[in-house]
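This is a predicted model, with the sequence first.
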Protein chains: 4
Amino acid sequence: MDMNDRALRDITVALGGTANGYPRQDGFDIVVASEVMAIFCLSTSLEDLKKRLGSIVCAYTREGKPVRARDLSVHGAMTVLLKDALNPNLVQTLENNPAFIHGGPFANIAHGCNSVIATQAALKLVDYVVTEAGFGADLGAEKFIDIKCRKSGLRPDAVVIVATIRALKYHGGVDLKEVNKENLAALEKGIANLERHVNNVRNHYGLPCVVSINRFTHDTQAEIDLLKRKLAHHEAPVILATHWGDGGKGAVEVARTVVELIDKTPANFKYVYDEKQPLWDKIKTIATKIYGAAEVTADTKVRNQIKKLQDDGYGHYPVCVAKTQYSFSTDAQSRAAPSGHVVNVREVRLAAGAEFVVMICGDVMTMPGLPKVPSANKIDLVDGKVVGLF
Amino acid sequence: MDMNDRALRDITVALGGTANGYPRQDGFDIVVASEVMAIFCLSTSLEDLKKRLGSIVCAYTREGKPVRARDLSVHGAMTVLLKDALNPNLVQTLENNPAFIHGGPFANIAHGCNSVIATQAALKLVDYVVTEAGFGADLGAEKFIDIKCRKSGLRPDAVVIVATIRALKYHGGVDLKEVNKENLAALEKGIANLERHVNNVRNHYGLPCVVSINRFTHDTQAEIDLLKRKLAHHEAPVILATHWGDGGKGAVEVARTVVELIDKTPANFKYVYDEKQPLWDKIKTIATKIYGAAEVTADTKVRNQIKKLQDDGYGHYPVCVAKTQYSFSTDAQSRAAPSGHVVNVREVRLAAGAEFVVMICGDVMTMPGLPKVPSANKIDLVDGKVVGLF
Amino acid sequence: MDMNDRALRDITVALGGTANGYPRQDGFDIVVASEVMAIFCLSTSLEDLKKRLGSIVCAYTREGKPVRARDLSVHGAMTVLLKDALNPNLVQTLENNPAFIHGGPFANIAHGCNSVIATQAALKLVDYVVTEAGFGADLGAEKFIDIKCRKSGLRPDAVVIVATIRALKYHGGVDLKEVNKENLAALEKGIANLERHVNNVRNHYGLPCVVSINRFTHDTQAEIDLLKRKLAHHEAPVILATHWGDGGKGAVEVARTVVELIDKTPANFKYVYDEKQPLWDKIKTIATKIYGAAEVTADTKVRNQIKKLQDDGYGHYPVCVAKTQYSFSTDAQSRAAPSGHVVNVREVRLAAGAEFVVMICGDVMTMPGLPKVPSANKIDLVDGKVVGLF
Amino acid sequence: MDMNDRALRDITVALGGTANGYPRQDGFDIVVASEVMAIFCLSTSLEDLKKRLGSIVCAYTREGKPVRARDLSVHGAMTVLLKDALNPNLVQTLENNPAFIHGGPFANIAHGCNSVIATQAALKLVDYVVTEAGFGADLGAEKFIDIKCRKSGLRPDAVVIVATIRALKYHGGVDLKEVNKENLAALEKGIANLERHVNNVRNHYGLPCVVSINRFTHDTQAEIDLLKRKLAHHEAPVILATHWGDGGKGAVEVARTVVELIDKTPANFKYVYDEKQPLWDKIKTIATKIYGAAEVTADTKVRNQIKKLQDDGYGHYPVCVAKTQYSFSTDAQSRAAPSGHVVNVREVRLAAGAEFVVMICGDVMTMPGLPKVPSANKIDLVDGKVVGLF
């Protein structure tokens, strides 16, 4: 069940007497932030799904031994519930292009991209498959590569980095309300953010890349020229895309460029870290290589948890970092391309079914807020027709 | 959502800080025990459904003023969710007879029979429509008549009272483990229970009735003879039915008898109480006429609540009694046809959308227990097939 | 600790992780309503105190076996805490008469009079000892006799029933705001309340009695005459007392009358019920004899609890009734001397250390409300002096 | 009230209906960890106490405005409760030396030393007053100087650093079970811890200091020699003390040395930071100067809280660091004299009455655990005598 009422995030249950069970603190997670969604997207078959669901650690005994879904004999029933959902559902765009929309794990608390099964099915049907990886390329792309590709054997040929001139001006220090005004100085500063992403993709993921600029009507020619000039030395073609207004036609140049790039530039695909590295080294490698951090810190309690996971045999799992999508650092206010910062691991969670270790760094919202005015207030039935859905 | 985990019956929500709302005690009800189910079954159209959903009292202000779903503007969205469900769904029996299974409110906390819309649709399609009214005829039948029929204008022509010789022996004092043994003395005592039901139907609901005995292989001829002899003076034919073994054929005689009865015995249909009676008089009337009670009692607090409902304009609502189905009294251990007992009203709830007042008398379980071993433990996917559902 | 913050009456504790223990629902009781206070007042020695404290049932195991303070080995430490408190403290009145103020159990949830030790000490020191028994003579006096006297072997010689003409007019139907106005008709009706008390004392407790009228300046001579006339046939002298204004002198006549009465009228002291009667019969006897009720009822659940207590060997314990002090019935609105009413037992609690069974009948407030404006708001330190205590 | 049941640390209160108030999450703190204890120890008069109690921030309005004890008009009553406690209580040692034991705030969550009033009273009575400052000299001494002295104008003349050879061996890497064995290599390493404390006291607090070694029978002469030799260049005499066995006589040499030191070495007393520095700079100064840290970090949320406190006018308050007493760092496992570590501020709390800002760094236990077997189990009354208190 998807239960997104924030009043249910932090609750005490089983009150009212022994017939209702043992009181405990509990909470509902939204589906997209749950380990079940991550498992669903990483599973390669029904058998694999069942095995992974069975491995979920639901609780620990007083002695600290994990209690798994398998120990409770509920993984079979869970698999039955997801049986039909595991078949990828083919939809079409407004221009009738085929698309799979199948699975949606968050890119903070989970790995942020669609199901392995859908990608594998797509690869059998067409020549080029594009996967959207959520949030910044330091989050979605890193997890796509280090978690999804590593686990499934997928090997991408190229990356498209999507950016906007507005966002780069914001990274250059402009207030959100002013991003529609030309500001070459701010843009120049903010481009450092894009350059770090390009550098990460080319050098740390070892992939050729195209920068696709979502063109806004407010973007000026001077800004576009500046952006192209600044990125010229990166061997990453910068293309303007207008598909938001022109449909598929507006993205033709991006598509052509990607195809050419794949043909002529061999990928040198690599993971950010080796799966044999200890967990602590993995987060350190991600933080220093990809985020530009100087150091990773953690309280004794968290360090001990990481050590225990390492000792308990989970050391070969990838690390799934949950951090803000607004900055390379864990401070949402720190824009452009910060260096030398410290990444503090606040909390560690084992996702034994998804087979990764989540490390929560800084403040991360794991259940998004609902709108001030509930959508339900607008939804109604008028003359037998549903209104107010949009 | 149907949420039958008993750990969720009595919970404290919105803990964890102001972003999660104001802490409060709350709980999940199962769908069949909710006012929404009662409303759904009493609604005559989508407009009526929306109006009733809007009238649900969700809370009271500090000043004691009701806060309705309408005040929160959510009744439109609720109606949208139920829009398709309101169309009665036609299914068929194993012998291909048509049947509507549409809505299922509990017969303790709610009124216990299927939707008005399904019954009305059925009446347009066939000559004879049978409604199953849950629990004893003191609960399901009384509510069918005083709530469903009164509200919708339906007028039944006859009643079939279903009984078993085993249950009558139990009412005569026999232990549950001994009900399969012939016991004429106990049966004779227990028949008082059936006679009270027959009397209620004939004299208080004003309807001709047939007693249909679900025949068990353990029933002896002596027992059957005794039962028939004892009921002979009631003008209520006693028929043995074996449809559990013989299918529709086994109920042919019951059906024929009902048809004959309707043809020759004019119904003198009446409600147990007048809707103009005050709430307190209504429960008193039900308790004394139907249950054989001497008196109705209530704590000052409950009496004041009833008085307040009366003063607030809900006095014309029917009363929906929630009591044990095991006895005419509120004491589940009191068998056969107890008289002179006291019915204590423990709690009162306004169902402003369903348009009745629930009076909880004695101990009633409003969320049934789950099995000791969860069904999930048996459900599994084996070779792509779901197993363990039964 | 005496903890009278109502926010602490109903709480959930041990949240925040396993280091804080197992979550459970709990609550603070005020000291005067606790079993510890009842035990303290019924104990005859330190040894007896320790034995009783050790017998308190703190919890039940999942199998339903009682867990006593003794099983937790805490009764020794509890006794140490109460060691000095058990010595009765002698204080003096404004006129320098000696008085023991020692222990104060509520007269609803507990037995309502001071410690056995203080009464026994007083009896060794003076000729006449007066015990104040709280609430109406149906509560405080009944418990003084059936619990305190029975347990300790104390045998009273006479009773003083204290009444006011204002209260009797209230019992006659007058609104609280009008009780200061002469109203002979209402007084005549209300005297039925006083007569029932006199009758209970004389016939059911077997004790001679004096009625002491707390004289108010608003009382008229006609009212006083009426009261005396109506009570004339009861052999219970009616005396006006003005000690509220005149000090000890104002009560001299009451005192003289009591002394005379004791000298000339032999007490025929008896308990309301025999301790060998089953628990159910005890409450029935109290309700019918003392309260004028027709019947005692209880839900199946409560009846089963009473039955279990009887089966578990607590059948010989006295019954301590918790009910409203405003009426002989359980309905606070029912004035004068109601008859034929029903007493519903809502809840049963074993006080295994105090050695009685509490039966809660109707609504009873077990933690009184605090004032709207906290007293703390007025208390202050001004020039080194505490102000605002009164 | 001092309430040290850990089940009460994290609770939900005011459940059970509107009469009990608004549900909220709450908890009990132990007295020594409460702001009231800190206030009590920093107050210079009853007037000052009342003013500070009134300044406690109890809650924040939905708009984020502080609600103070003064706004609730309870500070007068709170002062009345503490009125007599504020008079310092003079006790005597086993050798009849006078001592004030007055107030005891924890040295992690509060400032860790006795009341200003007691110290000031002592200074009027004798020539030399010794204050015990809890935990390591990085915690107790730093707070004594930066909080207690700064606030009260007290100016110490010298410091006695108390150490044991066992503890230094532990800091040198020896397991707790092995500290009684001679281990010169470990001792040499562990002495770095003591040297940092000496250096902090002499150079950062600007005070002459004596090192008093609590001599254990296991200490070997070789160890003592090594310690003296290593500290020789610090101008901090190292004296062996045996008062644990010899009483006052065993500490005579320490006392004499302190007196001499005060006479001949002028103190150059200084605070670690200036009160005009912003809060963030203060914690940075403490962490780098005293703890040897390279950097201070904090999540965005914590940084924003610090910024808000600075903006709200609390920037001139001292900072009270709550961190482990086992290490100069926030990692209890990091022994000796770690350098270059990172101090992460996990939480910030305003103590507006105590007039400091608590910064919780790393894991700190704010309510100590209770023993596995409760002391209550041993306490008892035997023949009228209390036993089991020790």
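Received the coordinates, thanks.

going forward, measure contacts and count neighbours with C-alpha atoms only.
OK.

got a list of contacts for stretch A:335-348?
A:168, A:170-173, A:189-193, A:196, A:287, A:291-299, A:302, A:305-306, A:326-330, A:357-362, D:297, D:344 (CA atoms under 8 Å, 6 or more residues apart in numbering or on different chains).

Among the residues you listed, which lie within strands?
By the criterion of DSSP state E, membership of those in strands covers A:295-298, A:357-361, D:297, D:344.

What parts of chain A come near chain C?
Of all the residues in chain A, those in contact range of chain C (CA under 8 Å from any CA of the partner chain) are A:15-16, A:22-25.

Identify the residue nearest A:Val258 in space, chain neighbours excluded?
The spatially closest residue to A:Val258, leaving aside those adjacent along the chain, is A:Val210, at 6.6 Å (CA to CA, 6 or more residues apart in numbering or on different chains).

what does A:Leu49 give?
Distances taken as CA to CA, 6+ apart put A:Ser43 closest to A:Leu49, at 5.2 Å, once the chain neighbours are dropped.

so who does the residue in the stretch 101-250 of chain A that chain D sits nearest to touch?
Nearest to chain D in the stretch 101-250 of chain A, going by CA to the nearest CA, is A:Asn108, at a distance of 16.5 Å. With CA under 8 Å, 6+ apart as the criterion, the residues that contact A:Asn108 are A:139, A:320-325, A:364, A:366.

a markdown table for these, including pLDDT and neighbour count?
Output for the contacts of A:Asn108, formatted as a markdown table (pLDDT from 0 to 100; neighbours: other CA atoms under 10 Å in any protein chain shown):
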| residue | pLDDT | neighbour count |
| --- | --- | --- |
| A:Leu139 | 94 | 25 |
| A:Cys320 | 96 | 29 |
| A:Val321 | 96 | 26 |
| A:Ala322 | 93 | 26 |
| A:Lys323 | 93 | 26 |
| A:Thr324 | 91 | 23 |
| A:Gln325 | 91 | 20 |
| A:Val364 | 73 | 16 |
| A:Thr366 | 64 | 17 |
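
tell me, what residue is most central in chain A?
Centroid-nearest residue in chain A, with CA atoms, centre = their mean: A:Ala107, separated by 2.2 Å.

Give me the below-cutoff pLDDT ranges for chain A.
Counting by pLDDT under 70, chain A has low-confidence residues at A:365-369.

hang on, the earlier thing: report the buried members of the contacts of stretch A:335-348.
Among the contacts of stretch A:335-348, those buried by neighbour count (16 or more other CA atoms under 10 Å in any protein chain shown) are A:168, A:170-173, A:189-193, A:196, A:287, A:291-293, A:295-299, A:302, A:305-306, A:326-330, A:357-362, D:297, D:344.

still on that earlier bit, take the residues of chain A next to chain C and write them to a markdown table, including distance to chain D.
What follows is the residues of chain A next to chain C, written out as a markdown table (distance: CA to the nearest CA, whole Å):
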| residue | distance to chain D |
| --- | --- |
| A:Leu15 | 11 |
| A:Gly16 | 11 |
| A:Tyr22 | 16 |
| A:Pro23 | 13 |
| A:Arg24 | 12 |
| A:Gln25 | 11 |
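
before we move on, the earlier item: which one of the ones in strands among the contacts of stretch A:335-348 is nearest chain C?
Looking across the ones in strands among the contacts of stretch A:335-348 and measuring by CA to the nearest CA, the closest to chain C is A:Ile360, at 19.2 Å.

Next up, the contacts around the residue in the stretch 201-350 of chain A that chain C sits nearest to.
For the stretch 201-350 of chain A and chain C, the shortest gap (CA to the nearest CA) falls at A:Lys301, measuring 14.0 Å. When the contact criterion is CA under 8 Å, 6+ apart, the partners of A:Lys301 are D:Asp363.

how about the residues of chain A that lie near chain D?
Along chain A, the residues adjacent to chain D under the rule CA under 8 Å from any CA are A:297, A:299-301, A:330-333, A:342, A:344, A:362-363.

and stretch A:71-80, which residues are buried?
Neighbour counts using 16+ other CA under 10 Å place A:73-80 of stretch A:71-80 among the buried residues.

Does A:Phe40 fall in a helix, a strand, or a coil region?
Here A:Phe40 is helix, with the state taken from DSSP: H, G, I helix; E, B strand; the rest coil.

so where do the helices sit in chain A?
Counting by DSSP state H, chain A has these helices, from start to end: A:35-42, A:46-55, A:75-82, A:116-125, A:142-143, A:150-152, A:165-171, A:184-199, A:221-231, A:243-246, A:252-264, A:279-285, A:300-309.

what inclination does the last one have with respect to strand A:356-361?
In this case it means helix A:300-309. Direction vectors for helix A:300-309 and strand A:356-361, defined by axes from the mean of the first three to the mean of the last three CA atoms, to 10 degrees, enclose an angle of 170 degrees.

same check, this time on the fourth one
Relative orientation of helix A:116-125 and strand A:356-361, computed by the same axes, to 10 degrees: 110 degrees.

can you give me how far helix A:116-125 is from the chain middle?
A distance of 19 Å separates the C-alpha centroid of helix A:116-125 from that of its chain, computed with CA atoms, centre = their mean, to the nearest Å.

looking just at contacts, which helices and strands does that helix meet?
Using 3 or more CA pairs under 8 Å, 6 or more residues apart in numbering or on different chains; DSSP states H and E, the elements in contact with helix A:116-125 are helix A:35-42.

list the helices and strands the helix it packs on packs on?
For helix A:35-42, where contacts count as 3+ CA pairs under 8 Å, 6+ apart, the packed elements are helix A:46-55, helix A:116-125.

So which of those has the densest surroundings on average?
Most buried of the helices and strands packed on helix A:35-42, by mean neighbour count (mean count of other CA atoms under 10 Å in any protein chain shown): helix A:46-55, with a mean of 22.
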